[in-house]
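Asker: Provide a 3D model corresponding to the input given below.
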Amino acid sequence: MAQHLSQIQGVGVGFKAEHFADILQSLPDVGFFEVHAENFMGDGGPPHARLRRLREDYALSVHGVGLSIGGADALDDDHLKRLKAVVQRYQPALVSEHLAWASHQDHYYNDLLALPYTSETLANVTAHVDHVQSMLGRTILLENPSTYLRFDASTWHEADFLAEIIQRTGCGLLLDINNIYVTSVNHGLDAKDYVDRLPLPRVGEIHLAGHADAVDGDGTPFLIDAHDRAVADEVLALYQWILPKIDMQPTLLEWDNDVPDWPVLLAEAQRIEAIRAGTKASQARYVA
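Answerer: Reported below is the predicted structural model:
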């Protein structure tokens, strides 16, 4: 099976159609662009025209949000065939999906939902990842989720559950640092312990995003993985702590809601790149 875990470097951003003209005009120095696979599962039209042009100058990462790898049902092979067509068409450096479920029988939900971490769900998710990788003929990355509840039935720590999937399937890990921070705050976990439980040599990409403060019906505060603002300082501090552990893998800035103008998004990507560069320089001085 083809390996595609670290063919891109630097800081990338999620591609938004409203930024297309600005990107073409300036051809900014960003590492890559990431797109949601489901936005390009049609046959043609302006979305594909824009992405073809973008692909001429930049590497791509394709990120799926609707495959429902964590679902109890069999995977939708029609959806998987459409994903395969996108991958074959654009030959992205990376392909990824979520440890979550988004459909059940004929019902589809516009969300990424949590699953219990049991031996039964482990076997199910493992089979699903194997099926996806076999169908695509390549390694995928599986993203750790942000969660807002935990199941009494769970018998695995989330990080250990992910590590076991990776061990069994050979897939890679998409390390979403904001998700780790959000999940850790929401459930009273130690974010650094969570990270240290993961198979860090299998990290193929990092995600960073902003989160929002919220309060539940009982008045308990919690965090939401909102993707609607700049990355929080606490998340960037965790990122800076993680970077030396994972050989400076490519990093994506996610900003999917309340999307700012291109200069604001680019400035945030450059802020993240400065952290990467500073970490790399510190490592070089230490080695010297």
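Asker: got the contact list for stretch 158-165?
Answerer: 99, 117, 122, 125-126, 129, 142, 144-145, 147, 156, 171, 173, 183, 194-195, 197-199 (C-beta atoms under 8 Å, 6 or more residues apart in numbering). Any C-beta I mention is one placed from the backbone N, CA and C, and that applies to glycine too.
Asker: and it, what's its mean pLDDT?
Answerer: For stretch 158-165, the mean pLDDT works out to 98.
Asker: to the chain's geometric centre, what's the distance from it?
Answerer: With C-alpha atoms, centre = their mean, to the nearest Å as the basis, stretch 158-165 stands 16 Å off its chain's centre.
Asker: quick check: buried residues in that stretch?
Answerer: 158-159, 161-165 (16 or more other C-beta atoms under 10 Å).
Asker: and for stretch 54-68?
Answerer: 54-55, 58-68.
Asker: quick one, helices of the chain?
Answerer: 20-26, 46-55, 77-90, 119-136, 158-169, 177-187, 191-197, 233-242, 262-287 (DSSP state H).
Asker: hang on, the earlier thing: can you tell me which of the buried residues of stretch 54-68 is closest to Asn178?
Answerer: Using C-beta to C-beta, His63 is the member of these that lies nearest Asn178, at 14.4 Å.
Asker: so the closest one makes contact with Ser96?
Answerer: Yes - contact criterion C-beta atoms under 8 Å: His63 and Ser96 qualify, at 5.1 Å.
Asker: which stretches of the protein aren't confidently modelled?
Answerer: Within the chain, the stretches with pLDDT under 70 are 1-7, 103-105, 107-111, 281-288.
Asker: re earlier: among the buried residues of stretch 54-68, which pair sits farthest apart?
Answerer: Farthest pair in those (C-beta to C-beta) is Tyr58 and Ser68. Separation: 28.9 Å.
Asker: follow-up on the earlier one: got CSV for the buried residues of stretch 54-68, with distance to His187 too?
Answerer: Output for those, formatted as CSV (distance: C-beta to C-beta, whole Å):
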residue, distance to His187
Leu54, 38
Arg55, 40
Tyr58, 37
Ala59, 35
Leu60, 34
Ser61, 28
Val62, 30
His63, 25
Gly64, 25
Val65, 23
Gly66, 26
Leu67, 25
Ser68, 23
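Asker: let's see which of those residues end up in strands.
Answerer: 60-63 (DSSP state E).
Asker: as CSV, these with distance to Gly14 would be great.
Answerer: Putting these into CSV (distance: C-beta to C-beta, whole Å) gives the following:
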residue, distance to Gly14
Leu60, 11
Ser61, 9
Val62, 12
His63, 8
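Asker: ok, those residues vs Met135, which is closest?
Answerer: For these, the nearest to Met135 is Val62 (14.1 Å; C-beta to C-beta).
Asker: ok, now which ones touch the nearest residue to the closest one once chain neighbours are set aside?
Answerer: Distances taken as C-beta to C-beta, 6 or more residues apart in numbering place Pro92 nearest to Val62, at 4.3 Å, with adjacent residues excluded. The contact partners of Pro92, taken as C-beta under 8 Å, 6+ apart, are 4, 59-62.
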